[in-house]
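Q: here are the coordinates; sequence isn't available:
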């Protein structure tokens, strides 16, 4: 571990120090004005954030989406003012009035940074540890992007070489997700990742001695990271020269991710609030704010004091950014000239388009056969991998079960890994048994841009991933979760592995599209629709969760209306439908078999397959009414999970065949029979519904 950073060429003037102190004052005033927030960390971290945005990072405030930029992730999202003040000072578009509107309705400065809401915010953070995993995902994506477009360039010479910077706090590193992600980052030797730990020893309940006694630096050394410790100045403030030296030393280490521990004092230099838990999440109070301004040499009677000299100095970041981007453009232009085919591919991917003719690669499945939808998905992914180079992914150590190996000869693993398929630019990711981090890393990969990501595990383990999945939806990210073993049909592994409440629970997340195909052909159409929705032509993106069977299910003729979320799979015969049976996933076959019974009894019955409630709800009312005629009140919905999803579709006279308890350990066919998932049970429910309509 390095404890003495090398000598630096940092130019640090009195005006730089005044700008840092201005950021501290703005953080205090912003929280004081609204009456709530987290001022302390933003005050103590101001030198580190200022260094990154003004002295270290390659970025252009006038072009926040520039491909060649470094990325910055504030994992400690509660300290959003750490980021907002630097975005304001550097010229990203935030102005003083935006800081004055902190945490208020309609402002550009919400309580936690939100991707897509505030220019310069690379990811939505707040749930602790998520940003650490996002940053790891970004670093992975940067390496894969380089492999797509410039794999043979010498280190540090490619226009696709850049650094991912992240700041995390004690809370981030206590969360298990950060441990999962940091372990993978070390294993992957992500030398383009630098994580600064704000080691301030304070959390909401007080000194971190209440909960933590481990040696964090040794932990990161054990993960395989390059580790440095930066001591503060004698007065307790962060030392800009030492920090700068540590940042540059971290960038020079390209065979490992870098971890920098910076001992800070929360709310420095507030005379009474510094080093207290109160400064973490509360306004300092008017007296303490005034006293701190006196310490810093500011007028205690003024609020949001920014001199023209300071803002003029910090807005020079616009000039530096323009120059950095111009230099990069020269390198990029040379690359384009030398690599015309890869340049064309870059332009296509950057434009959010898929390769011409990509749909022709999709497999067809013969009606009448029995295929598990997880197996169908695996064949689809391998076919798509051959024609969509930006598509990559893997699973949480369940590739053989999830069928998520897009290329079994190419694993995303660093140089030096002993496995024969190891390739730093490989297609198949081995996330390890780290579901939570996997989901957040997928978010980071999507946020980085220029690649498309999928990742798999069992549906029951989506619980481990839920917070990151929620953030996928909140950020409208085009990630695809491949969740297999989607019901009691998985069988003997028993109730610990059999999802019951998961489908309804996931459907409750706004903006997440859950897709549960009935058969192999619906799985093809689902993947086609998901990829189509990735394109910019479609508009705002969304994450998708594919829920796939372990067991084989009957294959029906393909119907493109499956992409509309719900459609008529089998029409009523002998007249207008008197009953409608709605099925999803492996239970569609039960609705089909029940229809045969009802038809034989003289009841014209329609079967509706509804692979995605969310896609169906996007359709216009005329289409929805055509599939589920309001005049037909006798309805049954069947799904091997709790029935919450289906009440709105069956109405007051309808019935739901569902599973309102945990499963058991037995063969899947036995469980379906014992728990009432049979054609007889569905037909009986339909007769009950018909009786209810006639009463």
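A: Yes, it's here. None of these values were measured; they are calculated from a predicted model. Numbers count the residues shown, from 1 in each chain.
Q: isn't residue 445 up against residue 139?
A: No: contact criterion Cβ atoms under 8 Å: residue 445 and residue 139 do not qualify, at 9.5 Å. Any C-beta I mention is one placed from the backbone N, CA and C, and that applies to glycine too.
Q: could you look up the SS state of residue 557?
A: Here residue 557 is recorded as coil under DSSP: H, G, I helix; E, B strand; the rest coil.
Q: show the average pLDDT along stretch 321-338.
A: Mean pLDDT, computed over stretch 321-338, is 98.
Q: check which residues of that stretch are buried.
A: 321, 324, 325, 328, 331, 332, 335, 336 (16 or more other Cβ atoms under 10 Å).
Q: one more: stretch 212-223?
A: 216, 217, 219, 220, 223.
Q: and the first one, what does it touch?
A: Under the criterion of Cβ atoms under 8 Å, 6 or more residues apart in numbering, the contact list for residue 216 reads 173, 197, 199, 261.
Q: what about it, distance to residue 260?
A: Look at residue 216 and residue 260: by Cβ to Cβ, to the nearest Å, they are 12 Å apart.
Q: ditto for the last one
A: Note on residue 223: its distance to residue 260, by Cβ to Cβ, is 14 Å.
Q: just residue 423 next, same as before
A: According to Cβ to Cβ, residue 423 stands 30 Å off from residue 260.
Q: ok, the two, which is more surrounded?
A: residue 260 (28 against 20; other Cβ atoms under 10 Å).
Q: surely that one and residue 228 touch.
A: Yes: using Cβ under 8 Å, residue 260 is in contact with residue 228, at 5.0 Å.
Q: mutual contacts of those two, please.
A: 246, 250.
Q: show me where the stretch 51-200 of the chain has its helices.
A: Assigned by DSSP state H, counting those that start in this stretch, the stretch 51-200 of the chain shows helices spanning 80-90, 96-100, 130-149, 170-174, 176-188.
Q: just list what the first one packs against, helices and strands only.
A: Packing contacts for helix 80-90, counted by 3 or more Cβ pairs under 8 Å, 6 or more residues apart in numbering; DSSP states H and E, involve helix 14-34, helix 39-44, helix 46-51, strand 71-74, helix 96-100, helix 308-314, helix 316-338.
Q: give me the number of residues near residue 419?
A: Residues lying near residue 419 (other Cβ under 10 Å) number 10.
Q: do the one 10 residues further on as well
A: As a burial measure, the neighbour count of residue 429 was computed by other Cβ under 10 Å and equals 29.
Q: let me know the secondary structure of it.
A: Applying three-state DSSP to residue 429 yields a three-state assignment of strand.
Q: how many residues are close by the nearest residue to it once chain neighbours are set aside?
A: What sits nearest to residue 429 in space, not counting adjacent residues and going by Cβ to Cβ, 6 or more residues apart in numbering, is residue 394, at 3.5 Å. Other residues near residue 394 come to 26 when the count uses other Cβ under 10 Å.
Q: swap in residue 358?
A: 18.
Q: could you measure from it over to residue 16?
A: Distance, residue 358 to residue 16, by Cβ to Cβ: 51 Å.
Q: cool, and residue 164?
A: For residue 164, the distance to residue 16 - Cβ to Cβ - is 25 Å.
Q: looking at those two, which one has more neighbours?
A: Taking neighbours as other Cβ under 10 Å, residue 164 and residue 16 compare with residue 164 leading, 27 against 20.
Q: how far away is that one from residue 653?
A: Residue 164 is 56 Å from residue 653, by Cβ to Cβ.
Q: equivalent analysis for residue 366, please.
A: In terms of Cβ to Cβ, residue 366 sits 38 Å off from residue 653.
Q: so those two - more neighbours on which side?
A: residue 653 (17 against 10).
Q: regarding the more buried one, what is its secondary structure?
A: Following three-state DSSP, residue 653 is assigned to coil.
Q: give the contact list for the residue nearest to it when sequence neighbours are not counted.
A: Leaving aside its chain neighbours, residue 653 sits nearest to residue 692 (4.1 Å; criterion: Cβ to Cβ, 6+ apart). By Cβ under 8 Å, 6+ apart, the contact list for residue 692 reads 634, 652, 653.
Q: which stretch of helix or strand covers the residue nearest to residue 429?
A: strand 391-395 (DSSP states H and E).
Q: that strand packs against which elements?
A: When contacts are defined as 3+ Cβ pairs under 8 Å, 6+ apart, strand 391-395 sits against helix 373-385, strand 428-430, strand 452-458, strand 479-484.
Q: run the angle between that strand and helix 373-385 for me.
A: For strand 391-395 against helix 373-385, the angle between stretch directions is 150 degrees (axes from the mean of the first three to the mean of the last three Cα atoms, to 10 degrees).
Q: what about residue 305, neighbour count?
A: Per other Cβ under 10 Å, the neighbour tally for residue 305 reads 16.
Q: wasn't it part of a strand?
A: No: read with three-state DSSP, residue 305 is coil and lies in no strand.
Q: next, the nearest residue to it once chain neighbours are set aside: phi, psi?
A: Leaving aside its chain neighbours, residue 305 sits nearest to residue 298 (5.6 Å; criterion: Cβ to Cβ, 6+ apart). The phi/psi pair for residue 298 (degrees, to the nearest 10) reads phi -110, psi 160.
Q: residue 298 and residue 192, how far apart?
A: 38 Å.
Q: got it, and residue 687?
A: From residue 687 to residue 192 the distance is 64 Å (Cβ to Cβ).
Q: more neighbours: these two, which one.
A: Using other Cβ under 10 Å, the more surrounded residue of residue 687 and residue 192 is residue 192, with 22 against 17.
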